[in-house]
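Engineer: mind looking at a prediction? Sequence and model below.
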Amino acid sequence: MIHMRTIVMKRRAIALLGAGMLALSACAGAGEGGAGREGGSDGGGTERARASDRTEVGALSPRIVLAHDGGVTTLDSADGSTLNSEDVDGYVRLNPAGDGRHVAVSAADSITMYDTGLLVQGHGDHFHFYEQEPALTDLSIDAPMPGHVVPHGERTALFADGTGDITVIDPSALGDGDLGVLEEVSTDDPHHGVAVPLSDGGLLTTQGTEDARSTVQVLDADGNVTAETDDCPGVHGEAAARPTESGDVISLGCENGPVIYRDGEFHKVAVDGEYQRSGNQKGHEDSPIVLADHKVEADPAGGTEHPTEIALIDTRDATMSTVDLGSPYWFRSLDRGPDGEALVLTADGELNILDPATGEMLHEVSVTQEWTEPENWQEPGPMLDVADGTAFVVDPAAQTLTMVDVASGEIYRELDLPVVPHEIQVTTGTASGEYEVTPGADDEAAEDAASGDAASDGGGEHDGHEHADHGGGEHETEEH
């Protein structure tokens, strides 16, 4: 049962109108932030001041945001130069905010939006592209034990583990200096949970307590429970797959095999044995297959299982296959390519790029030194993020970042890092994360490249990300 569901405001049309007004201003110079403010803390005045510092450019280079001990640092992917460094107290987590420009920074008891300074603004039959200095904004929500942040479609859900509260925002409002809170929902009890906004205005959310969680519910736009399963012990990790004609498809990890929400119902994936956990999942909006970790030891030696097999979950028929990569990986090892490719970074230093439909290996790329999973999940370890058709792979031990073209498997750039990061998010200025526009490109191509909806990576760590399966509040490696 849901304690509270407060609809704050349905402002999508208002946000789009504001974006159009910004674009008109941009043709003559710099845009200005929107006027409406609601929900949480906003930074409208700051945004208007920053707008005067914008520079129009012919194309945008992705920006690399790194969380590290003491704060957040942003680099230009073109040359590795440091664009901004912000001090942030506490352990910092990063998640995509859902607009391709902002990153949700989780630290202490709040989630704050970080503006990476990449702007794409539509104007009739063409687009304008702007850059400005990255900065930590005043857009923030109180979130005791901040957990998963999941963008999906036109909305983003922020989960506070310490209260069980969910805040749903419209990320298109962030560029106007507005947090864009649409609704606030409270679950029955505080727990390490997750929520996914659905395209029909509904919400998928977990229910549980600090001691146990096994329930997943789907609420319609009025807050009524329309689907529910209690057969997901230890629910953790979520990802959105290709939708069906009837709506969204969401996969979730459990400790007795995944469960899939599809066509308005939950479907259990049959697995061998009593224990199977896929707590870290990555989806792609054009693929029915979800990439996930594959753990089969309920009580692993040393407290942490180091699997070499990954799971490929087919959401069409609720089946699962596995691929043995021959080397361990961890929760920061998974992501998806622009065409749905399954990417896994393994401890032998290889970036494995697979066809998710067949499990066939497309490319194996040496990108890091050999490594072992850190004893504590908060410690820096090899990781990756995919954007603009590129896998951005970090080797904290070497303090380097390697860029790999996903389609060809070729390394095309290496950067030295000024910090030792423990998380990464790359922004491109577009919600889809894909961006390929060059000066002089025709308007139709520019429009196609700049369009796209945010998809949950399962997120979770996301991702998010699962999107991203990024969360906090539990102190064991499996429950990041």
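Structural biologist: Sure thing, it's come through. Bear in mind that the values here come from a model prediction, so they are computed numbers and not experimental data. Residues are numbered from 1 along each chain as shown.

Engineer: so residue 101 touches residue 427, yeah?
Structural biologist: Yes: because the distance of 6.0 Å satisfies C-beta atoms under 8 Å, residue 101 is recorded as touching residue 427. No exception for glycine: its C-beta is placed from N, CA and C like everyone else's.

Engineer: comparing the two, which residue is more hemmed in?
Structural biologist: Taking neighbours as other C-beta atoms under 10 Å, residue 101 and residue 427 compare with residue 427 leading, 30 against 27.

Engineer: what sits against that one?
Structural biologist: For residue 427, the set of contacting residues under the criterion of C-beta atoms under 8 Å, 6 or more residues apart in numbering consists of 62, 63, 65, 96, 100, 101, 102, 103, 116, 118, 387.

Engineer: so residue 90 belongs to a strand, correct?
Structural biologist: No: using DSSP: H, G, I helix; E, B strand; the rest coil, the assignment for residue 90 is coil, not a strand.

Engineer: hang on, it packs against residue 110?
Structural biologist: No: Residue 90 sits out of contact with residue 110 when judged by C-beta under 8 Å, with a separation of 9.4 Å.

Engineer: more neighbours: the two, which one.
Structural biologist: Counted by other C-beta under 10 Å, residue 90 and residue 110 do not tie: residue 110 has more neighbours, with 17 against 13.

Engineer: just give the nearest non-adjacent residue to that one, would you?
Structural biologist: residue 140 (5.2 Å; C-beta to C-beta, 6 or more residues apart in numbering).

Engineer: ok, the one you found - how many residues close by?
Structural biologist: When neighbours are defined as other C-beta under 10 Å, residue 140 has 18 of them.

Engineer: check residue 316 too.
Structural biologist: For residue 316, the number of neighbouring residues by other C-beta under 10 Å comes to 14.

Engineer: contacting residues around residue 298?
Structural biologist: Contacts of residue 298 (C-beta under 8 Å, 6+ apart): 255, 274, 275.

Engineer: which of these has the weakest pLDDT?
Structural biologist: In terms of pLDDT, residue 274 ranks lowest among the contacts of residue 298, with 95.

Engineer: is it correct that that one is in contact with residue 255?
Structural biologist: No: with contacts counted by C-beta under 8 Å, residue 274 stays clear of residue 255, the gap being 9.0 Å.

Engineer: so which of those two has more stuff around it?
Structural biologist: Set side by side, residue 274 and residue 255 show more neighbours around residue 255, with 19 against 10, by other C-beta under 10 Å.

Engineer: alpha carbons of the helix or strand hosting residue 403, as CSV, please.
Structural biologist: With secondary structure defined by DSSP states H and E, residue 403 is part of strand 400-405. Extracted in CSV, the C-alpha atoms of strand 400-405 (Å, rounded to 0.1, in the frame of the first residue of the first chain):
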residue,chain,number,x,y,z
THR,A,400,43.9,6.9,-17.1
LEU,A,401,40.8,7.0,-19.2
THR,A,402,40.6,5.1,-22.5
MET,A,403,38.0,5.9,-25.2
VAL,A,404,36.8,3.0,-27.4
ASP,A,405,34.6,3.2,-30.4
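
Engineer: so which residues make contact with that strand?
Structural biologist: Residues outside strand 400-405 that contact it (C-beta under 8 Å, 6+ apart): 64, 77, 80, 351, 365, 367-368, 389-395, 410-417.

Engineer: gap between residue 185 and residue 223?
Structural biologist: Spatial separation of residue 185 from residue 223 under the definition C-beta to C-beta, to the nearest Å is 8 Å.

Engineer: show me which of the two is the more surrounded one.
Structural biologist: For the pair residue 185 and residue 223, the greater number of neighbours falls to residue 185 (22 against 15), based on other C-beta under 10 Å.

Engineer: ok, back up a step: buried subset of the contacts of strand 400-405, written for ChimeraX?
Structural biologist: Buried members of the contacts of strand 400-405, defined by 16 or more other C-beta atoms under 10 Å, are picked up in ChimeraX with:
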select :64,77,80,351,365,367,368,389,390,391,392,393,394,395,411,415,417
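
Engineer: low-scoring pLDDT stretches of the stretch 101-250 of the chain, where are they?
Structural biologist: In the prediction, the stretch 101-250 of the chain carries no residues with pLDDT under 70.

Engineer: let's see that with 90 instead.
Structural biologist: Per-residue confidence of the stretch 101-250 of the chain (counting by pLDDT under 90) places the weak regions at 120-128.

Engineer: which residues of the stretch 1-150 of the chain fall in strands?
Structural biologist: When secondary structure is read from DSSP state E, counting those that start in this stretch, the stretch 1-150 of the chain shows strands at 4-7, 55-57, 63-68, 71-76, 82-87, 93-96, 102-107, 110-115, 118-123, 126-131, 135-142, 146-152.

Engineer: tell me the mean pLDDT over the first one?
Structural biologist: Strand 4-7 shows a mean pLDDT of 47.

Engineer: could you do the fifth one as well?
Structural biologist: The predicted model assigns strand 82-87 a mean pLDDT of 98.

Engineer: list the buried ones in it?
Structural biologist: Taking 16+ other C-beta under 10 Å as the basis for neighbour counts, the residues of strand 82-87 that come out buried are 83, 84, 85, 86.

Engineer: got a list of what the closest residue to the third one other than its chain neighbours touches?
Structural biologist: Leaving aside its chain neighbours, residue 85 sits nearest to residue 73 (4.5 Å; criterion: C-beta to C-beta, 6+ apart). Residue 73 makes contacts with 65, 66, 82, 84, 85, 86, 418, 419, 421, as judged by C-beta under 8 Å, 6+ apart.

Engineer: quick one: residues contacting the fourth one.
Structural biologist: This means residue 84. 73, 74, 117, 133, 134, 135.

Engineer: okay, now the residue nearest to residue 361 when sequence neighbours are not counted: neighbour count?
Structural biologist: Leaving out its chain neighbours, the residue that sits closest to residue 361 by C-beta to C-beta, 6+ apart is residue 354, at 5.7 Å. Residues lying near residue 354 (other C-beta under 10 Å) number 22.

Engineer: so how far is residue 340 from residue 354?
Structural biologist: Computed as C-beta to C-beta, the residue 354 to residue 340 distance reads 10 Å.

Engineer: strands along the stretch 351-480 of the chain, start to end?
Structural biologist: Residue ranges of the strands in the stretch 351-480 of the chain, as given by DSSP E, counting those that start in this stretch, are 361-366, 383-387, 390-395, 400-405, 410-416, 421-427.
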